[in-house]
Structure formats: C-alpha cells, structure tokens
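Enquirer: A structural model of the following input is requested.
(chains A, B, C and D)
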4 protein chains.
Amino acid sequence: MPPTRVTLWNENRHERHKPEVAAIYPRGIHNTLADHLSKSADFTLRTGTLDDPEHGLDAAVVDRSDVLVWWGHAHHADVADAIVDRVHRRVLDGMGLLVLHSAHFSKIFKRLMGTSCDLKWREDKDEREICWVTRPGHPIRQGIDDHFILPHEEMYGEYFDVPEPECTFLISSFSGGEVFRSGMTWTRGAGRIVYFRPGHESFPTYHDKNVLRIIENAVRWLTPTRPPKPLDFGKRLRGWIDHPNPA
Amino acid sequence: MPPTRVTLWNENRHERHKPEVAAIYPRGIHNTLADHLSKSADFTLRTGTLDDPEHGLDAAVVDRSDVLVWWGHAHHADVADAIVDRVHRRVLDGMGLLVLHSAHFSKIFKRLMGTSCDLKWREDKDEREICWVTRPGHPIRQGIDDHFILPHEEMYGEYFDVPEPECTFLISSFSGGEVFRSGMTWTRGAGRIVYFRPGHESFPTYHDKNVLRIIENAVRWLTPTRPPKPLDFGKRLRGWIDHPNPA
Amino acid sequence: MPPTRVTLWNENRHERHKPEVAAIYPRGIHNTLADHLSKSADFTLRTGTLDDPEHGLDAAVVDRSDVLVWWGHAHHADVADAIVDRVHRRVLDGMGLLVLHSAHFSKIFKRLMGTSCDLKWREDKDEREICWVTRPGHPIRQGIDDHFILPHEEMYGEYFDVPEPECTFLISSFSGGEVFRSGMTWTRGAGRIVYFRPGHESFPTYHDKNVLRIIENAVRWLTPTRPPKPLDFGKRLRGWIDHPNPA
Amino acid sequence: MPPTRVTLWNENRHERHKPEVAAIYPRGIHNTLADHLSKSADFTLRTGTLDDPEHGLDAAVVDRSDVLVWWGHAHHADVADAIVDRVHRRVLDGMGLLVLHSAHFSKIFKRLMGTSCDLKWREDKDEREICWVTRPGHPIRQGIDDHFILPHEEMYGEYFDVPEPECTFLISSFSGGEVFRSGMTWTRGAGRIVYFRPGHESFPTYHDKNVLRIIENAVRWLTPTRPPKPLDFGKRLRGWIDHPNPA
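Expert: Sure, this is the predicted structure:
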C-alpha cells in the first residue's frame, strides 16, 4: 500500500501570539503532530495554517490528501467559505477528517454535522480528564488501556450537539463531575470522520503518548478505501444495470 | 395533550403550471395532505408555499410549528437562505421535520444532513415501486402490512448520499431492479427528521391510503418532546451542577 | 388508546431478607414502582416476583403484558429457562422491556444482547452519581433537566459489554471518576428495550422523582406499536406480493 | 503485521450427499473459499466441518483463529452447544465472524444477535439478485462497482429479524420484487461480525469474482485489533484509576 497522504492543518495563531502556548508547542501544534507521525513510514506529511495562502489548502493539496487533521479555536470565522466547500466535497469523495478539540466549532465540522456542535466548557487549572474506552475492539483504541488520564485539560460537557455517532469509542469524566463523548465517528458520503476531544492549547496534551497514539490510530483508520470510480448519481435508463460490472 | 401544530409546506408550482399535475392535486399537494390530516382532532394545520410572503414561513409560523412537512422539487434554489436558517434553528430546538420525495434536494435537508443527498433516478410510465417494512415495531409503520405497492412511481436508486440513519423503516424495489432506502429517521439537536420517498407529482401517490397512513404516523412520531428549558450551552463554573434540579 | 398493560417484575429477595433494604422498600421495589405508575390512568399494573409460581410470569400474564419492567440482582440463575424463552418470544413479538440496574446480568437481557453484559462496579457509601442527558429531544427525558444527581449510588463503570445502542440518552459520572452509559435503547424484533442504570437496593433511588419520571417515560415509550398481523416469515411463491394489502 | 489466521467452517453435507452441489463445489464450499484466499500471503488458512471431531473447532483452533467464516444450512441443530459457547466467548474476546447466507439460522449467529434471524425465502430457477452498495467508502466494498448481478440465486426477503446493524453496506433486489439487507455489520464485545447474504449451495455463487472479493475484503476488515490486555470487568476500589496506564 502506498503511504497515506496526511495534511495537518492548524489555526496556528495562539502559538505565535501567546508565549505560554509557544512554550508548549514552539513550532505549532501541527508540527508537534507531524513530528510524531513522521516516525512511521506509512505516512507522507504536509502542513497548512490559517495564514498561509488559501490557508495552505489549495486545490492541489486537498485533492492529494487522504486524511486531513484539523485544529482551530478562536478564528474559525476567518476560514474562507470556498475552502470549506472544497474540503467538504473532498470528504464526501472519500478523504478522512480528524477533528480535534476546539475544532468542534470549525465551519467544516458544522457543515458535515448539520448541527450547532455546541457544548458546555470550563477552563480550570485543576481539571483532570479521565478518558474511558467504550469500544474495545475498535482499531482506534489499539495499544490504549481501558482508560487514560490527562492531569490538566479544559472541560467539555454534555449535551454535545452532534448527530448520534456511528460509534462512541471514548467517554471522558472531569473533576467537576461533567461527562463528554470524547471519541466519536461518522460517515459522510465516502468519507469517514473522527472527533477526538483532548487538546487545549495551554496544556501539553499533544505530547501525551496516549493522545498521540489515538491520533495515529485515527489517521490510519481514516485512510480512505476509494470507490473503484467516482460516486455516480443521476438519471438512468431502464436496463442500464445489465451493463457489465467493471469490477 | 394539546394538538400537534403541523405546517404543510409545498413548492406548489407544478400544480399551478402543469395541467396534468393539477388534475391529480387541484388544490396542491399541501392541501391534499391537509385534507387527510384534518380528519383527526390531534392536529391543527397550517400551510405555506414558495410564493407566499416569506414562503409562508415567517418567524411566528415557524416558532409555533411542532412539525413541518416539506415538499419541493424544481425550485429549491428559490428558497431564501434566511428562511432555511430559521427552520434549521427550529429543528435543532425540537421541531419535527418530514421530508418528502424530491425534497431530498431541498436546502433544509442538505443543511441537516451535511451531504450531497444525491441519488439515481428515472421517470418511466411502467415503473412499479414495492415498499418493504424493515422495522416492524416502529410507530411509523402502524397499520401498514409488511409491504405495499405503488403501481406507478418515479424510480430513486442507491447510493443515496445521506448519513447512516438511526433507523431504516422502509426499503423499496423498482421494476428496473434498483433499490432505495425509502423511509429513514435521524435526530439533529432536539429535533427528529423523517425522510419518506414516495410522492412524484405526476402520480396520485398522495391519494394512496398506505402513503397517507405513513405520513400521518410520521407526523405523530415527529411531535416534539420539549426539553424542560431551552438547550443550554457555554461556560460553567466549577460546582454549578450542585444547584437544585428544577425537574 | 387503551391503557398500557405493565408488568413489574422483581426478584424481591433482598427486601424480604435484608432489614436495611426492607426499610427503604417495605413492600418491595416492584410495589414502589407500581405506587408511582398507579397515579396515571394510562397504565394497568400487575406485579410478579421470583418466588411466585412460574415467577408470576405464566403464559397468560406474559401474553397480556405490553411492557415488562425487570429488576433482579443476586438470583438471576434461579429464573427458569422456559420463562426466559417465553419472555424472549414476547419481546420479539413487540412487548417493551425496561431493564433496571443489576438486571444487566439477567438471563433475558443477556439473551437479547448476545454479549456478556459485564461491567466494573463498586459499592461505596460516598459515591455520588451525576446523570447527564445526551439526547435532548427523546421522549424518555421529558421533564428532566440536563442533568440530575443521585447523592448515593453504586458505581457501574465502562466498558459495559453491550451492543452499540440505537440511542444513548444518559451518561453518568461517579465520584471515583468512572463513567457509564446509564440510559440506552435497542430494538429486537418488533420489541423495544431500554436499559436504565440507577437503582441499587440499599439506596432510596426508586423514591427519587427524576428516576421515577424516567421510568414512567420509558414505560410510555416502550408501549408497543403492534404490527397489523404477526411477523410473518418463510417460503413465498413468486407473485405473492401482488395480493391485496390488507392495510 | 503477521498474517490473519482464518478458519473456514462449512457444514459440508450437501457437497457430499447431493451430486448437483458436488458438481459446483467438488471439495466443498470451504475449500473453494480457501482456494481464493490462499492467493494472498496475508492469510494463514485452516478449515473445519460439521463431521470433524469437535466440528474441527477444538479449543486450540478457536483460540488461534483471528477470523472465522461460517457456512451452514440444514444441520444447524447438530452443532454442539459447547462449541457454540466456545466460539461465542472468542468473538466477544475479539475474533471476527463472517456469517454466510443460510448461516443466518446458525446457533452462533442467533446467539450473537438475540433475535430469531428469520426471513422470507424462495428457491426459483429464474431468480436474479442485484446487489447494491449503500456505503461507498467502506473497506468491504473495495474494488466493487456500485452494483453487481448474480444471475441465479435463492431469494431472501425482508423483514429480516436481526438487530439494527451498525452499517448496511449492501441491499439486494430480486426478480420477484423482494428486497434484502445483504451486507451488514455489528460489534459484540471486542469482536466484529459481518453478515453477507449470497451463497446458495445449488448455484456457483462462490465462484463469482465480486462475491469472492467481498469475502476477502470482509476477512481483512474483521481481523481483530486486540485490546492491549483481556477485557477486564468486576469490582474496583476507589482510587484504582490512578495506577499508571501501561499503554
């Protein structure tokens, strides 16, 4: 199998403007993730950020991406609608999409979900997150124990306004008593989508080995199985189904 | 229980411009459906059409609708985005939505699904549709045998590009050999959504007793269970959960 | 609509043998639930217990039950297989089943799920359960705020070995940090199934107004929509589908 | 990755007792499937049949199988319950299970589904099956066009009494007008399950390239992702979650 072509997209403004975030992710969250994934020969990696031309997501990049990883937080509105349209079409055509943490409010995720994607939240220095596996045989939990702990994270709480997922593989509890469906999957068109909750920019979450492992597993699982030809809709004359199957 | 407030929405242009459609639905598809539902005291009915002011869907109407039934075909693009936004918010807040036939391509359905909602199709005078029940205990199939036949209908064929439904209650076969998931349900926010396939304007489908029964059942099933207060998101201080539950 | 015929089944041994349980439920958990449901004219109520003849579930009772509520804990093995077969057939035929707390290990629930139904657990005097609504528009949450608190409950923790539910309407967190999918629904044949977690016998959980409300809502939601004739399988000659539909 | 250890199980009585079946599958359906899978180095193959000691499924074989493929038809009752228990435990522990055609009535499938698994059927020399892909991006449809045709097959018709699947990847229509969900997936415990409809013994279905491709794809997709340690249930003391995660 050829390597999976992964594009790591990051808003990348906190890292440039907030010293406390830059201290944790000096080269940006996207490069932290790239450093991890680059240890495997199964991936070819590319990055893009909000302030790149076309956000680093020109047609050639999107068309050659098998999996897109998305982190955004405070500047979702700055993402151009034309780029969202492009990514949306590509997901329906089969590209996998991994949506991280505060990207629950990104335009592309809301477009794909059809809901507000809203939730409860709290930033608190003493918030501990415990993540529990709720689908033991799913490839995304490979190598992960039945739970893992993030000593400091932002709280996200239910109700999380997303469509009923096809699979809930992770549920979190927080010190304050809230719960959250932290790992979920959906399909839209030929494309698979994973939402993975942890990753507030002010904590070293993307240096955690369990978090990195789940991201790596998710990217593998999101690698598309291409339909043998483009999805094909529209008018059909009676009898067309008897044409030979080019399988 | 107070009656369910049902708004029946119809593009209502075929009926005014095509004599052969007017012959089947002289007062429009919306009024044909209203005539059926008006036999029950459980509903209060209202109608709206594309060429009404605000498409008959001003804020007062939408806010006072418990269930919205939507038929559209050739003029989806003429529905104003602001009205689609209004209906979308109302569905997330709990209003039920019944999407009929060619409304698979309506703006509101595509917004809620997040996919292209595309499909294969054929209009053929000799196309017979057989509808098979695939969820025997669902309230939507109440009074319906294990299958029913529509002697003349338009063909819709898979792949139908919608998210995996929460329930597939009906699958059709067509004379040409195609199949279609003709009855499906989803939830978005607090609102339930039903897609029900039959209903091409050039056939008397909405006079069929099985079709009318499913529409009536669907409207009942879509009647919202209101949350005790509006859905509530956003920031929470530690300890807020200990406040008394006003249930 | 005729009233829903509800049978409340309880193992009813703790209440007879443990004074501390009898102090909370002097006439048994089944009668506590019956007292609540009897306030509505929508139900006709019957009870059965393990030590009744045929466990109180003879064929006439089972055949005339629309919804069966099941509480069991330490004596699942004493339920006769023939009775389990009878209840199983009746569920597939459309009877609703509400499975409470430790009945996760009942024979009938394991038969319907096809899994071990195992979980983590802890009894601890200082365990608080917070139950969070994760499906805001579901009829089962009617009248329930976005969360409610049970100050003392047994802990159940994930992974809970049940099939992916059709709907997860409630997720709990516990003081010890665990989480649990506390409200779930499935369909088997024409019958609907609800699992609702709270209800350890040593706590007054079934006197809690939120718990009672959910049980009442669940019984209403589980009330069957009968197929117009019994589910019908087996051999079919070509052309049988053209026989008139008796809908 | 080490090869997937596949066990192909077949009732293997039709092939020995009916010349017309032996003409199509001289060495049995299991060996026909083995011949196809043996072309890939990704599998190590083993076979078992009903009349082998312990049906060819002794503990050593089951414990060393990653995926089990099951074909049975007329002699489901002859499969020993102890063997069914063994296979059931192994599926919950992560082994994939591919259930073919008339094995819808096998003890192991009924045990895992919790339903009757009944359906409508007809054997007719002029029955054509058209199989339609309803999940374009699923790995199981890799290399398969949007439909394929089996010129002669047994008819299976809805309602098929199985739990709502996690994914319906294939729906069939038949010449007689019936439809059937021919490709479905479920999870039970850590194990994945696929049902794939085609394969009546009197037709050369298992020589069809599309059918063989789907079986091969399904076996790959069913290959387990092992939890890092056995699924772990039962009593937990407060504070156990703080022990280091051995991930």
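Enquirer: give me the element the residue positioned nearest the centre of chain A is part of.
Expert: Ranked by distance to the mean C-alpha position of chain A (C-alpha atoms, centre = their mean), the top residue is A:L98 at 1.7 Å. A:L98 is located in strand A:96-100, with elements delineated by DSSP states H and E.
Enquirer: swap in A:W186?
Expert: Applying DSSP H and E, one finds A:W186 within strand A:179-188.
Enquirer: what's that strand packed up against?
Expert: For strand A:179-188, the elements it packs on are helix A:107-113, strand A:129-133, strand A:155-157, strand A:167-174, strand A:191-196, strand C:167-174, judged by 3 or more C-beta pairs under 8 Å, 6 or more residues apart in numbering or on different chains; DSSP states H and E. To be clear about C-beta, it is placed using only N, CA and C from the backbone, and glycine gets the same treatment.
Enquirer: A:R220 is in contact with the residue nearest to the centre of chain A, correct?
Expert: No - when contacts are counted by C-beta atoms under 8 Å, A:L98 is not listed as touching A:R220 (10.7 Å).
Enquirer: tell me which parts of chain A are close to chain B?
Expert: A:92, A:111-116, A:118-122, A:124, A:155, A:157, A:159, A:161, A:163-164, A:166, A:175-178, A:186-189, A:231-239, A:241 (C-beta under 8 Å from any C-beta of the partner chain).
Enquirer: Kindly recompute the last result at 6 Å.
Expert: A:92, A:111-116, A:118-120, A:122, A:124, A:161, A:164, A:166, A:176-177, A:187-189, A:233, A:236, A:238, A:241 (C-beta under 6 Å from any C-beta of the partner chain).
Enquirer: okay, the residue nearest to A:P136 when sequence neighbours are not counted: pLDDT?
Expert: Closest residue in space to A:P136, ignoring its immediate chain neighbours: D:A190 at 4.3 Å, by C-beta to C-beta, 6 or more residues apart in numbering or on different chains. Reported pLDDT at D:A190 in the predicted model: 96.
Enquirer: and D:A190, how many neighbours?
Expert: Neighbour count for D:A190, taken as other C-beta atoms under 10 Å in any protein chain shown: 23.
Enquirer: next one: the one 5 residues further on
Expert: Other residues lying near D:Y195 total 25 when counted by other C-beta under 10 Å.
Enquirer: now do A:R238
Expert: For A:R238, the neighbour count with other C-beta under 10 Å is 16.
Enquirer: ok, it - contacts?
Expert: The neighbours of A:R238, taking C-beta atoms under 6 Å, 6 or more residues apart in numbering or on different chains as the test, are B:D124, B:G176.
Enquirer: helix/strand/coil for it?
Expert: The three-state label given to A:R238 by DSSP: H, G, I helix; E, B strand; the rest coil is coil.
Enquirer: distance of it from B:D118?
Expert: Separation of A:R238 from B:D118 (C-beta to C-beta, to the nearest Å): 20 Å.
Enquirer: What distance do you get for the residue lying closest to A:T49 once chain neighbours are set aside to chain B?
Expert: Nearest non-adjacent residue to A:T49, counting by C-beta to C-beta, 6+ apart: A:N12, 3.9 Å away. Distance, A:N12 to chain B, by C-beta to the nearest C-beta, to the nearest Å: 25 Å.
Enquirer: do A:Y206 as well
Expert: A:Y206 is 24 Å from chain B, by C-beta to the nearest C-beta.
Enquirer: What number of residues are in the vicinity of the closest residue to that residue other than its chain neighbours?
Expert: Nearest non-adjacent residue to A:Y206, counting by C-beta to C-beta, 6+ apart: A:T32, 4.9 Å away. Per other C-beta under 10 Å, the neighbour tally for A:T32 reads 20.
Enquirer: And the contacts of the helix or strand hosting A:T32?
Expert: Taking DSSP H and E as the criterion, the element that holds A:T32 is helix A:29-37. Here helix A:29-37 makes contact (C-beta under 6 Å, 6+ apart) with A:L8, A:N10, A:Y25, A:F43, A:L45, A:T47, A:W71, A:Y206, A:L212.
Enquirer: again, 7 Å this time
Expert: Residues from elsewhere that reach helix A:29-37 (C-beta atoms under 7 Å, 6 or more residues apart in numbering or on different chains): A:6, A:8-10, A:12, A:15, A:25, A:43, A:45, A:47, A:49, A:69, A:71, A:201, A:206-207, A:212, A:215-216, A:219.
Enquirer: same thing with stretch A:212-229?
Expert: A:4, A:6, A:33, A:36-37, A:43, A:66-67, A:69, A:94-96, A:98, A:139-140, A:142-144, A:190-192, A:194, A:196, A:206, A:247, D:136-139, D:142-145, D:247.
Enquirer: Filter those down to the buried ones, ChimeraX style.
Expert: In ChimeraX, this line selects whichever of these come out buried by 16 or more other C-beta atoms under 10 Å in any protein chain shown:
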select /A:4,6,33,36,37,43,66,67,69,94,95,96,98,140,142,144,190,191,192,194,196,206 /D:136,137,138,142,144,145,247
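Enquirer: Averaged pLDDT, the longest helix along chain A. What do you get?
Expert: Counting by DSSP state H, the longest helix found in chain A is helix A:209-222. For helix A:209-222, mean pLDDT rounds to 98.
Enquirer: A:F105: neighbour count?
Expert: Neighbourhood size, A:F105 [other C-beta under 10 Å]: 18.
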